[in-house]
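>>> sharing a sequence plus its predicted fold:
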Amino acid sequence: MGKHGFLWSISCILIFILALVRFGEGVDILIFADGVSIHRSLLDGSQHHILPLNHIQKAKFVEFDPQSKQIYWSDVQTREIWRTDMCGEEQQRVYTVNATAYTYFISLALDYDARKIYWTNTGYDTIERLNFDGSGHVEIVSEQIGSPKDLEIDIDNGFLYWLDGGTRPKIERCKLDGSGRTLIFDLRDQYPSALALDVEGQTLFWNDGNDQSVWLGNTDGTGKRQLASSTVHSFPNMIGISVLDGYLYWESLVNKRIERMAKSGSPSEVEIVVKGVKDVVEVKAVKVDSSDIQCAPGAPTNIRVNDVTNTSVILTWTAGYNWGTSQRFRIDLNTSLGWRPVVSSILSSEQQQDYSRKVTDLDPNRDYQIRIKACNSAKGCNKDKFDEVLAFKTKGYPDVLLNPSLHKVANTTATLRYRLINIKQAELSSLVVLGRIHNSDWSLFTNFSSTMTDAGDIFVTVSMLKPRQKYDFLVRPCNAYGCNPRDPELLSITTLGYPDLPTGIRVVKVSNSSAEVEFSAESMNIQQDVIINILNEADLSSIEVLLTLSSTEGTQRAEIRSLQPKTEYSVTLKVCNIFGCNPKQTTPLTFVTEDVDSGGGDRGAGFLTGQQLLIIIIVGVVVGVFILIVCLILIIKCAVRNKLTKDDYMHVRGRKPAHV
């Protein structure tokens with residue numbers, strides 16, 4: 001081992017020792033109820049967890065057993081006493097009270113040395129006791145109690161203290177068997193609702209709802225004084241107070257939070273510990289080992305087996321409670337050799353609750369049992385009793401075809417496209433094609449061909465279909481194990497009803513007034529109409545020729561007449577049949593007619609149209625009328641001028657001789 005390896009080993013050992021020391025160190029926590037849940041957190045409000053419990057209807061009063069590390073609570077709705085471990089994994093019903101309309105829990109106290117449970121029953125105004133196993137139920141105090149509200153126990157000195165919140169409030173105590181009952185404080189001028197005992201300091205703490213203050217006094221009935229007034233903080237309607245080290249902890253119903261302040265001296269401020277807890281009714285501050293609050297993750301729930309094939313299965317699940325730490329998931333299969341992991345490490349994410357994983361390399365047509373374990377580094381995996389075990393059987397045929405789509409369609413044929421996943425091409429031996437005219441009966445199609453790419457794309461070409469008809473198709477894959485009985489997604493298609501566009505279009509035998517269009521049409525057994533459009537590119541006038549084809553074999557020709565010489569034209573073709581017209585037309589093909597022949601040629605027909613001759617005549621008449629008007633104006637001007645006298649003329653000329 002080299003120098004670096006030795007240092008690495010020493011570092012690992014030191015880290016391990018430090019982890020062991022820290023793992024066993026003490027930590028202070030809060031335990032509290034909100035009616036529907038039991039909570040725990042550190043004293044600063046961090047690591048706030050809700051225990052994963054069931055059967056809670058109205059949990060109110062909590063206690064802690066430091067010997068068994070268990071939390072106790074009373075359910076005032078069901079009139080039951082329950083307990084659980086710190087992780088909520090071992091929930092037990094301890095005792096069900098012989099319930100009547102007058103039975104009502106107010107408080108619990110635990111003698112964990114003698115394994116006794118004490119509680120107050122305000123229905124009958126009694127204090128009662130039973131063993132931790134639910135046996136030995138007795139009443140220990142039942143006379144002259146107004147309304148016992150809060151119990152506190154001093155195990156070391158053998159006393160039980162309680163707050164009587166009746167018409168004459170007071171604090172009393174007795175021995176743990178109910179004897180030696182003594183009045184400690186008369187609180188007739190106060191309105192108390194909560195009591196706490198500091199065993200180490202032999203001090204009692206309570207509140208006064210009248211002036212919203214907190215008081216204290218010694219357990220022997222001396223030293224009664226106000227600890228904090230309402231000027232420090234408002235203390236209304238306190239239900240539970242707990243003492244730990246140098247602080248008092250209590251719940252604030254008004255502000256929906258847990259608060260604390262110093263238990264001695266003259267406290268001047270109140271700290272907020274946990275906030276945003278609805279209906280918190282009692283809090284308990286206790287000391288535990290750090291290992292006591294380390295929990296294995298909650299078992300995954302909502303486990304589902306999906307998409308079972310001959311060799312694989314997809315599992316989905318929801319993560320259980322992770323106690324604020326990272327967790328990993330392990331997938332186990334139960335075989336003839338017992339449970340064995342098949343996927344050993346799936347890392348969780350704080351932002352993710354739902355997970356999915358595919359398990360492969362399974363045997364076809366085999367029964368399996370599967371479970372999913374949640375694990376962390378602190379406590380390992382969740383207990384087996386919380387596992388959801390599911391059974392399934394692998395298939396013996398290929399996966400169902402996915403992503404159906406129409407690849408290509410014509411009048412009488414259609415090519416369907418599918419996707420096959422997780423199977424080699426050699427394993428697909430055949431296909432079963434079921435088809436029907438839409439909403440009619442299914443039938444087996446045999447007139448098809450298929451191909452498959454290396455990527456798993458399958459193309460199925462179905463022929464002998466009816467034009468312009470809607471069809472539904474289901475395609476199932478088969479292999480040596482059989483055909484997949486599951487229907488894939490339904491694929492509906494509609495065949496085309498019109499002919500394909502003509503091809504091989506040419507313009508031949510072009511003259512100065514005519515041309516022939518040559519083309520090939522789709523071979524069909526029904527009549528087609530070909531519409532030929534000739535567009536004059538100069539004046540955008542057009543000529544349409546309808547050609548009816550009863551037979552489409554060979555090359556077709558159509559003669560176009562009444563064209564102008566030396567003019568550019570473009571020709572396009574459309575095609576129709578009894579099912580309709582093809583919505584497209586052919587690409588325009590241009591040509592130019594020849595010039596007029598100088599030797600005579602073909603001049604008369606088509607040289608000047610009637611419209612052109614009419615325009616020429618109109619233009620000639622307009623020009624002639626204009627010339628006539630101009631001549632008349634000149635004649636009139638000359639006649640007027642000849643009538644002027646010489647003097648007038650000379651005057652006009654400025655008395656200068658002029659030649660007339």
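Cool, the structure landed.

>>> every contact and neighbour count from this point should use C-alpha atoms.
OK.

>>> for residue 406, grab the count of nearby residues.
16 (other C-alpha atoms under 10 Å).

>>> assumed it was part of a strand.
Yes: membership of residue 406 in a strand is supported by DSSP: H, G, I helix; E, B strand; the rest coil.

>>> now do the contacts for it.
Residue 406 makes contact with 414, 415, 416, 417, 491, 493, according to C-alpha atoms under 8 Å, 6 or more residues apart in numbering.

>>> nearest to residue 138, of these?
residue 491 (75.2 Å; C-alpha to C-alpha).

>>> shouldn't that closest one be in contact with residue 438?
No: counting by C-alpha atoms under 8 Å, residue 491 does not reach residue 438; the two are 10.6 Å apart.

>>> where does pLDDT dip in the chain?
Per-residue confidence for the chain (pLDDT under 70) gives these ranges: 1-24, 99-105, 236-237, 422-427, 524, 551-553, 597-610, 640-660.

>>> please enumerate the helices of the stretch 551-660 of the chain.
For the stretch 551-660 of the chain, the helices defined by DSSP state H, counting those that start in this stretch occupy 610-642, 646-652.

>>> of those, which stretch is the most buried?
Across the helices of the stretch 551-660 of the chain, the average number of neighbours (mean count of other C-alpha atoms under 10 Å) peaks for helix 646-652, which reaches a mean of 13.

>>> re earlier: nearest to residue 565, of the contacts of residue 406?
Comparing the contacts of residue 406 against residue 565 with C-alpha to C-alpha places residue 414 closest, at 47.6 Å.

>>> and the closest one, its phi and psi?
The phi and psi values for residue 414, taken as degrees, to the nearest 10, are phi -150, psi 140.

>>> number of residues surrounding it?
Neighbour tally, residue 414, other C-alpha under 10 Å: 23.

>>> follow-up on the earlier one: I'd like the helices of the stretch 551-660 of the chain as JSON lines, with distance to residue 242 appended.
Formatted as JSON lines, the helices of the stretch 551-660 of the chain follow (distance: least, C-alpha to C-alpha, whole Å):
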{"stretch": "helix 610-642", "distance to residue 242": "113"}
{"stretch": "helix 646-652", "distance to residue 242": "135"}
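
>>> return the set of buried residues in stretch 49-63.
49, 50, 51, 56, 58, 59, 60, 61, 62, 63 (16 or more other C-alpha atoms under 10 Å).

>>> just to be sure, the fourth one is in a strand?
No: counting by three-state DSSP, one finds residue 56 to be coil, located in no strand.

>>> am I right that it is in contact with residue 36?
Yes: between residue 56 and residue 36 there is a contact under C-alpha under 8 Å: 5.7 Å.

>>> tell me which residue is most central in this structure.
residue 354 (10.0 Å; C-alpha atoms, centre = their mean).

>>> tell me the phi and psi of that one?
Torsion angles, degrees, to the nearest 10, at residue 354: phi -100, psi 140.

>>> so what's it closest to, chain neighbours aside?
residue 318 (4.5 Å; C-alpha to C-alpha, 6 or more residues apart in numbering).

>>> swap in residue 429?
Spatially, and ignoring its direct neighbours in sequence, residue 429 is nearest to residue 479 (4.8 Å; C-alpha to C-alpha, 6+ apart).

>>> same thing with residue 362?
residue 311 (4.3 Å).

>>> helix or strand: which one has the one you found?
Under the assignment given by DSSP states H and E, residue 311 is not contained in any helix or strand.

>>> could you measure from it over to residue 173?
Going from residue 311 to residue 173 by C-alpha to C-alpha, to the nearest Å gives 72 Å.

>>> same check, this time on residue 485
77 Å.

>>> if you count surrounding residues, which of the two has more?
residue 173 (23 against 13).

>>> so what sits opposite the more buried one in the bridge?
In this entry, residue 173 is beta-bridged to residue 161, residue 182, by DSSP bridges.

>>> thought it was touching residue 161?
Yes: taking contacts as C-alpha under 8 Å, residue 173 lies within contact range of residue 161: 4.2 Å.

>>> pretty sure residue 486 is touching residue 400, no?
Yes: between residue 486 and residue 400 there is a contact at 6.7 Å, judged by C-alpha under 8 Å.

>>> need the residues touching each of those two.
residue 476.
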